[in-house]
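Novice: all I have is the shape, not the residue letters:
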């Protein structure tokens, strides 16, 4: 089997090059922004597979790559790229065998889009629904769906995904004072670091008074870590060792603009022990509970964790470590499955730079590549389907 990367200034042009060279039978493995060391070949890369006796990689792109990289670096880069492509091919082929595209013989573009969504780890059922819905939104007759207008097709895909994936990066209830937000989630998801990022971005930067409240007396020195951050930032800090202590801390700090609550990361065998905390957070209407999840988790594990944390009745999902995955489909899957909106995204360890309000653009750009065309907006500046569409691929307006 041959594996070949095609580069161009847009994904569509790269696909067209692949089709021209290898014909309609070639299989799309992956599409993405080109790696930095290959960006001179084109901004976007698509990977296709064709029949052959041995795996090999080559590059087709405008201009010459001779002398662009030293020989050793080039070999290392291509070996790394080959490993990534083989892994993506394995996932895509496995998914396709288990859930083959219904359009393989009738509508190549729809089949390619389906494979693209599957390679981003969007579930087979959701991927089919998105492709079907986008085809209807694009208004292209079935017999012409081999090649609908590119910009129209991307916009239709973005709108369809936006209609299934809500965004709400707010704190607390409307008009609530103070705004109280609790972060819950599994161990290692990044709750404490994210809490500090929120305190800086939506507290100090907006001249709001902030209290960091730690309910994490489970991990050794967990509260001390947050205490150190609070001292550096010059914000209030308290430890709530009991639920009564948490209630008292909240009541004593009603004058604060923002109260952020850190909670212990729980394994599956520890939920019963912390059931009182879960009942407290799930029944307090003035506390917005965000479930913090790592974007690099497997989709099946994400679903299992989200279902387990339902005892906290989290209102929003917050995804961390978006920089560690090239397949953001898990966040889209769970937003669509649970109906819970996405609140914030983090893309690294830097405080506070690597925090941003959730936008569908940030999730869709790695999948769709080229920005989608802005659909019509209503008088509030938002699209009817998604709450707000614009900017990069689909950008949902955010307000803390």
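Specialist: Perfect, I can see it now. Keep in mind that what you see is a predicted model, and the values were worked out from it rather than measured. Numbering: from 1, shown residues only.

Novice: drop to CA atoms for contacts and neighbour counts, all remaining ones
Specialist: Fine.

Novice: quick check: residue 134 touching residue 163?
Specialist: No. If you go by CA atoms under 8 Å, residue 134 and residue 163 don't touch, sitting 10.7 Å apart.

Novice: okay, these two: which has more neighbours?
Specialist: residue 134 (23 against 16; other CA atoms under 10 Å).

Novice: SS state for that one?
Specialist: helix (DSSP: H, G, I helix; E, B strand; the rest coil).

Novice: quick check: residue 187 is in a helix.
Specialist: No. Using three-state DSSP, the assignment for residue 187 is coil, not a helix.

Novice: how is the closest residue to it other than its chain neighbours assigned, secondary-structure-wise?
Specialist: In space, and not counting its chain neighbours, residue 187 is closest to residue 265: 4.0 Å by CA to CA, 6 or more residues apart in numbering. Classification of residue 265 using three-state DSSP returns coil.

Novice: hang on, residue 299 packs against residue 121?
Specialist: Yes. Taking CA under 8 Å as the definition, residue 299 is a contact partner of residue 121 at 7.5 Å.

Novice: joint contacts of those two?
Specialist: Common neighbours of residue 299 and residue 121, using CA atoms under 8 Å, 6 or more residues apart in numbering, are residue 330.

Novice: those two: which has the busier surroundings?
Specialist: residue 121 (24 against 19).

Novice: contacting residues around that one?
Specialist: Counting by CA under 8 Å, 6+ apart, residue 121 has contacts 299, 327, 328, 329, 330.

Novice: let me have the residues you listed in JSON lines, extended by secondary structure and pLDDT.
Specialist: Formatted as JSON lines, the contacts of residue 121 follow (DSSP: H, G, I helix; E, B strand; the rest coil; pLDDT from 0 to 100):
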{"residue": "299", "secondary structure": "helix", "pLDDT": "84"}
{"residue": "327", "secondary structure": "coil", "pLDDT": "77"}
{"residue": "328", "secondary structure": "coil", "pLDDT": "83"}
{"residue": "329", "secondary structure": "helix", "pLDDT": "88"}
{"residue": "330", "secondary structure": "helix", "pLDDT": "90"}
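
Novice: domain map for the protein?
Specialist: Structural domains annotated on the chain: 1-98, 179-358, as defined by automatic domain parsing.

Novice: these two touch, right, residue 11 and residue 44?
Specialist: Yes. The pair residue 11 / residue 44 is scored as a contact, 5.8 Å apart, by CA under 8 Å.

Novice: confirm that residue 212 sits in a strand.
Specialist: Yes. When three-state DSSP is applied, residue 212 is found to be in a strand.

Novice: tell me where the model's unsure across the stretch 301-400 of the chain.
Specialist: Applying pLDDT under 70 to the stretch 301-400 of the chain flags residues 369-400.

Novice: now the helices for it?
Specialist: With DSSP state H, counting those that start in this stretch, the ranges of helices along the stretch 301-400 of the chain come out as 329-338, 360-368.

Novice: most packed of those helices?
Specialist: helix 360-368 (a mean of 22; mean count of other CA atoms under 10 Å).

Novice: can you spell out which helices and strands pack onto that helix?
Specialist: strand 27-33, helix 150-162 (3 or more CA pairs under 8 Å, 6 or more residues apart in numbering; DSSP states H and E).

Novice: averaging pLDDT over each of these, which comes out lowest?
Specialist: Among the helices and strands packed on helix 360-368, strand 27-33 has the lowest mean pLDDT, at a mean of 72.

Novice: immediately after that one, which helix or strand?
Specialist: Remark: after strand 27-33, the chain's next helix or strand is strand 44-50, criterion DSSP states H and E.

Novice: just checking, residue 188 touches residue 264?
Specialist: No. Applying CA under 8 Å, one finds residue 188 not in contact with residue 264, separated by 10.1 Å.

Novice: so those two - more neighbours on which side?
Specialist: residue 264 (21 against 12).

Novice: that one contacts residue 217, doesn't it?
Specialist: Yes. Residue 264 is within contact range of residue 217, at 7.2 Å (criterion: CA under 8 Å).
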